[in-house]
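In: this one's sequence-less:
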């Protein structure tokens, strides 16, 4: 198993990008298209919210594809380190979901998770699962770092 | 609309588009006869023809007619004219074909022009993005959209701009042809994200504040066509840009690394 230190950072980056992209992609397919809980546009959306949403959408669209190409590049150089990559994916996906759940949904009024009387349970599940993903990702990365040569950083 | 005259006019308007396809395919056949040149791949002629058909169907025929009165049809037309047609045409590499078909002296002149500072400024990723996305913002957030339906020359000019800016943008993002002034993959990726964001923001903005005279339901559907349709075509461009990076950064000592 190759754990080339040259690629350790690249594994994390490839994972982060793909994680952000994956979270945004699942958000779009599951909550916008399949369940139809999210709305394409909400009258309460602020201008900042619209701009933030636009940039995150564009970035995540690129990151999904670009992240996979980065992974393919590490693969062909025999540098893949799956626990680093998965760590990156979880942190990326969790961070995006937390940003979406707290900043975009709540502060910028983009749209709510579901249009029901009491949205609080949805918000809680959404944001807590985001935190769990981040914690899980950081744990994977830390554990990996400890196993490595301690002289490395 | 008067059908008889419309049909006759359509037939006349189709001619330049047909001519383009004929010219491309003749160039492909002629240049492939040359002994020191490789055969021009058939799939490029197909891509070119499809591209011309996409652009043509946005400005001639039933879709173009419907687009005058229906914002949804207008958006489908713009996706075809400003995004899909440019992508297909860029993939067909018409400049490369032109360079290898023209007599050497003319080809040299064309190369000199492509290297000029004029082309450099115009084909810069940021210039191309501003012309492309900025143009759309001006069209949909000012009176221009309304004026387009009143004056024929404005109508023609806008459609020409949408196509040319879309072509310029696609060309500046994925280098399919000999490009004199190149920018790094990361640079183009960053500019692309900004352009895509500008496109997405405008789409959602139109959902709530459509151009004057566009009914709410048409605006909402049209805005979603623009948003998701743009996403699909842009995903292809992103994929190609990444693929080019992937090929260009192929490690030289692949076999050694595997041992």
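Out: Perfect, I can see it now. All figures in this text were calculated on a predicted structure; none of them were measured in a lab. Numbers count the residues shown, from 1 in each chain, chains lettered A, B, ... in the order given.
In: quick check: residues of chain A near chain B?
Out: By CB under 8 Å from any CB of the partner chain, the part of chain A that sits against chain B consists of A:40-41, A:43, A:45, A:50-51, A:53-55, A:57-59, A:61-62, A:65-66, A:69, A:72-73, A:76-78. No exception for glycine: its C-beta is placed from N, CA and C like everyone else's.
In: now with 6 Å, please.
Out: Taking CB under 6 Å from any CB of the partner chain as the contact definition, chain A meets chain B at A:41, A:50-51, A:54-55, A:57-59, A:62, A:65-66, A:69, A:77.
In: is the helix or strand harbouring residue B:129 positioned near chain A?
Out: In this assignment (DSSP states H and E), residue B:129 forms part of helix B:125-129. No. Judged by CB under 6 Å from any CB, helix B:125-129 makes no contact with chain A; its nearest approach is 11.8 Å.
In: now do that helix: which elements does it pack against?
Out: Counting contacts by 3 or more CB pairs under 6 Å, 6 or more residues apart in numbering or on different chains; DSSP states H and E, helix B:125-129 is packed against helix B:152-173, helix B:185-208.
In: between the ones you listed, which gets nearest to chain A?
Out: Of all these, helix B:185-208 sits nearest to chain A, with 3.6 Å by CB to the nearest CB.
In: can you list contacts of that closest one?
Out: With contact meaning CB atoms under 6 Å, 6 or more residues apart in numbering or on different chains, helix B:185-208 is reached by A:41, A:50-51, A:54-55, A:57-59, A:62, B:125-126, B:129, B:133, B:136-137, B:140, B:173, B:220, B:223, B:226-227, B:230, B:234, B:245.
In: quick one: low-confidence parts of chain A?
Out: Applying pLDDT under 70 to chain A flags the ranges A:1-4, A:148-153.
In: the residue nearest to residue B:220 when sequence neighbours are not counted: neighbouring residues, count only.
Out: Excluding the flanking residues, the one nearest residue B:220 by CB to CB, 6 or more residues apart in numbering or on different chains is residue B:207, at 5.6 Å. Look at residue B:207: counted by other CB atoms under 10 Å in any protein chain shown, it has 21 neighbours.
In: which parts of the stretch 51-200 of chain B sit against chain A?
Out: Residues of the stretch 51-200 of chain B found near chain A (CB under 6 Å from any CB) are B:193, B:196-197, B:200.
In: which of those residues are buried?
Out: B:193, B:196-197, B:200 (16 or more other CB atoms under 10 Å in any protein chain shown).
In: columns pLDDT on top of those residues, output as a markdown table?
Out: Below are those laid out as a markdown table (pLDDT from 0 to 100):
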| residue | pLDDT |
| --- | --- |
| B:193 | 97 |
| B:196 | 96 |
| B:197 | 96 |
| B:200 | 94 |
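In: of those residues, closest to residue A:6?
Out: Distance to residue A:6, by CB to CB, is smallest for residue B:193 among those, at 27.1 Å.
In: test my guess that residue A:101 contacts residue A:126.
Out: Yes. Counting by CB atoms under 6 Å, residue A:101 does reach residue A:126; the two are 4.6 Å apart.
In: burial of residue B:9, as a residue count?
Out: 12.
In: the contacts of helix B:185-208 in strands, which ones?
Out: Here DSSP state E is the test, and these give no hits in strands at all.
In: filter the residues you listed to the buried ones?
Out: Buried among the contacts of helix B:185-208 (16+ other CB under 10 Å): A:41, A:50-51, A:54-55, A:57-59, A:62, B:125, B:129, B:133, B:136, B:140, B:173, B:220, B:223, B:226-227, B:230, B:234, B:245.
In: show me the residue at the heart of chain A, geometrically.
Out: residue A:93 (1.8 Å; CA atoms, centre = their mean).
In: give me the three-state assignment for that residue.
Out: helix (DSSP: H, G, I helix; E, B strand; the rest coil).
In: residue B:252 too?
Out: Criterion first, three-state DSSP; result for residue B:252: coil.
In: grab the nearest non-local neighbour of residue A:19.
Out: Closest residue in space to residue A:19, ignoring its immediate chain neighbours: residue A:92 at 2.6 Å, by CB to CB, 6+ apart.
In: for that neighbour, what are its contacts?
Out: Counted by CB under 6 Å, 6+ apart, residue A:92 has contacts A:16, A:19-20.
In: cutoff 10 Å now
Out: A:12-24, A:60, A:63, A:67, A:133-134, A:137 (CB atoms under 10 Å, 6 or more residues apart in numbering or on different chains).
In: mind putting the helices and strands packed on helix B:125-129 in JSON lines, distance to residue A:84 included?
Out: Listed next are these as JSON lines, based on distance: least, CB to CB, whole Å:
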{"stretch": "helix B:152-173", "distance to residue A:84": "31"}
{"stretch": "helix B:185-208", "distance to residue A:84": "22"}
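In: neighbours of residue B:113, how many?
Out: Residue B:113 is flanked by 10 other residues according to other CB under 10 Å.
In: just the helices in chain A please.
Out: Along chain A, the stretches classed as helices by DSSP state H are A:8-26, A:47-76, A:82-98, A:120-147.
In: off-centre distance for the third one?
Out: Its chain's average C-alpha position is 6 Å from that of helix A:82-98, according to CA atoms, centre = their mean, to the nearest Å.
In: relative orientation of that helix and helix A:120-147 in degrees?
Out: Here helix A:82-98 runs at an angle of 150 degrees relative to helix A:120-147 (axes from the mean of the first three to the mean of the last three CA atoms, to 10 degrees).
In: now the angle between helix A:8-26 and helix A:82-98, please.
Out: 40 degrees.
In: buried set for helix A:82-98?
Out: A:84-98.
In: repeat for stretch B:96-103
Out: B:97-102.
In: cool, and stretch B:200-214?
Out: Neighbour-count burial for stretch B:200-214 [16+ other CB under 10 Å]: B:200-207, B:210-211, B:214.
In: repeat that for stretch B:142-149.
Out: Residues of stretch B:142-149 classed as buried: B:145, B:148 (neighbour count, 16+ other CB under 10 Å).
In: now do the contacts for residue B:126.
Out: Counting by CB under 10 Å, 6+ apart, residue B:126 has contacts B:172, B:183, B:187, B:190-191, B:194-195.
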